[in-house]
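Engineer: Okay, here's the prediction I keep looking at, along with the sequence it came from:
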Amino acid sequence: MSPPLRVLIADDELLARKRLSRLLAALPDVEVCGEAADGEAVLTAVRAGGVDVVLLDIHMPGLSGLDALALLPEGRPRVVLCTAHAEHAVEAFNHGAVDYVLKPVEPARLQKALERARARLGTETTVAAKDAPREPLATGAERPAVASAPKGLGRLPIPTRQGIVLVDPETISHAALEDELVTVFTGQGDFLTDFTLNELAEKLPAERFHRVHRRALLNLSHVARLEPLETGGYLARTLRGHTVEVSRQSARELRRMLGLRRGAEDEG
C-alpha cells in the first residue's frame, strides 16, 4: 500500500483552511500534515520535512504565495495554488507549480490536482517509482516515455537527424510544424525532429503542454504574455521572445482553463 500524500494547507483565512481540511479528509490516501497562515510559516514547515504537497494561497501577509513558491526547493514538495486569481497561473507555472484550483475549491478539481502532484512525485524517487503502476501515468498526467527511460529519467529522448537528444521537458517552450517538419524549441537549443505534434503531445505533461494550433504545441510555463488577435485568438509570447499563434478555439479553452471572463465571441 502506498503511503498517504502529506499535504500542507497554506492560507491566511481560517475558514478557507477549514474548508480545505474537510475536503482533504474525504479523499483517500491523503493526510493533512499541517497548516500555515503566511509564506514564512510555509517555508518553516517545509524545512522541517514531512510535506509532499503544499496547497498554497497567493495573497497572504508578509511573503505572498508566489514569493514563498519561488523560495521552495525544487522537486519536493509539489505546489498546487488555491486562488481566486487565475491571472497568476502562468507566473505560478514559471515557478514550478504543478497545478492550480480556483476558489471556491471544488472537491473533484482538488482531487485531480493532487493526483497530478502525486504522479509528479512518483517519477522522482525510487520508492515512489515502485508504486507508479498504481497511478494513471499512461493517461497523459505523465509522459510514459520519460518515466520508463532507465538512465534518462526525467528527460525526453528526441530523435533528430544528428542523433537522439535528451531534453528536460521543463526547458521546452513550444513545438511548431514548419515545412512538414516539427521543430522543438528548448533552452538547450532548437531541434528538428521526426516526431509529429501528436506524438510529442502524448509524451509531454498534459497539464502544461497544450495543442493551441494545428501547427503548434505550447508549454504554458514559458508564456510571458498573451496578446489578443482580431481573429479571436492570441499571439503567445514566450520568455525567450518567440511567438506562437493560438487559434480562436484554443483561446476559448485557454480562457476557461485560466478562469478568465468570457469574451463576446465565447457567447455564440
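Structural biologist: Perfect, thanks for sending it.
Engineer: where's the residue lying closest to residue 71 once chain neighbours are set aside relative to residue 34, distance?
Structural biologist: Nearest residue to residue 71, sequence neighbours excluded (CB to CB, 6 or more residues apart in numbering): residue 43, at 6.0 Å. In short, each C-beta sits where N, CA and C put it, glycine included. Counting by CB to CB, to the nearest Å, the gap from residue 43 to residue 34 is 12 Å.
Engineer: Likewise for residue 169?
Structural biologist: Distance from residue 169 to residue 34, by CB to CB: 31 Å.
Engineer: picking up where we left off before, in three-state terms, label the residue nearest to residue 71 for me.
Structural biologist: Following DSSP: H, G, I helix; E, B strand; the rest coil, residue 43 is assigned to helix.
Engineer: Next up, the contacts around it.
Structural biologist: 63, 68, 71, 72 (CB atoms under 8 Å, 6 or more residues apart in numbering).
Engineer: Could you chop this protein up by domain?
Structural biologist: Segmentation of the chain into domains, based on automatic domain parsing, reads 5-139, 144-266.
Engineer: What residues sit buried inside stretch 174-191?
Structural biologist: Taking 16 or more other CB atoms under 10 Å as the neighbour-count basis, stretch 174-191 is seen to contain the buried residues 174, 175, 176, 182, 184, 185, 186, 191.
Engineer: what's the average pLDDT for that stretch?
Structural biologist: Stretch 174-191 shows a mean pLDDT of 87.
Engineer: now swap in stretch 236-243 and tell me
Structural biologist: 90.
Engineer: which stretches of the stretch 51-200 of the chain form strands?
Structural biologist: Remark: strands assigned in the stretch 51-200 of the chain by DSSP state E, counting those that start in this stretch are 53-56, 78-83, 99-102, 156-160, 163-167, 172-178, 181-186, 189-193.
Engineer: Point out the one among these that comes closest to residue 220.
Structural biologist: Smallest distance to residue 220 across those (CB to CB): 9.9 Å, for strand 172-178.
Engineer: what does the closest one rub up against?
Structural biologist: The contact list for strand 172-178, computed with CB under 8 Å, 6+ apart, reads 156, 182-187, 195, 197, 200, 204, 209, 214-219, 222, 236, 238-240, 242, 244.
Engineer: CA atoms only for the lengthiest helix in the chain, dumped as PDB, please.
Structural biologist: Counting by DSSP state H, the longest helix found in the chain is helix 107-122. Provided in PDB are the C-alpha atoms of helix 107-122 (Å, rounded to 0.1, in the frame of the first residue of the first chain):
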ATOM      1  CA  PRO A 107     -13.700  18.500  -4.500                       C
ATOM      2  CA  ALA A 108     -13.300  16.800  -7.900                       C
ATOM      3  CA  ARG A 109     -10.900  19.500  -9.100                       C
ATOM      4  CA  LEU A 110      -8.900  19.400  -5.900                       C
ATOM      5  CA  GLN A 111      -8.600  15.600  -6.200                       C
ATOM      6  CA  LYS A 112      -7.400  15.900  -9.800                       C
ATOM      7  CA  ALA A 113      -4.700  18.400  -8.900                       C
ATOM      8  CA  LEU A 114      -3.500  16.200  -6.100                       C
ATOM      9  CA  GLU A 115      -3.300  13.200  -8.400                       C
ATOM     10  CA  ARG A 116      -1.100  15.300 -10.700                       C
ATOM     11  CA  ALA A 117       1.100  16.200  -7.800                       C
ATOM     12  CA  ARG A 118       1.300  12.600  -6.600                       C
ATOM     13  CA  ALA A 119       2.200  11.500 -10.200                       C
ATOM     14  CA  ARG A 120       5.000  14.100 -10.400                       C
ATOM     15  CA  LEU A 121       6.400  13.000  -7.000                       C
ATOM     16  CA  GLY A 122       6.300   9.400  -8.200                       C
END
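Engineer: Can you name the residues that contact the closest residue to residue 78 other than its chain neighbours?
Structural biologist: Leaving aside its chain neighbours, residue 78 sits nearest to residue 117 (4.0 Å; criterion: CB to CB, 6+ apart). Residues near residue 117 by CB under 8 Å, 6+ apart: 5, 52, 53, 78, 79, 80, 98, 99.
Engineer: Looking at those, state which has the most neighbours.
Structural biologist: Counting neighbours by other CB atoms under 10 Å, residue 53 comes out on top of these with 27 neighbours.
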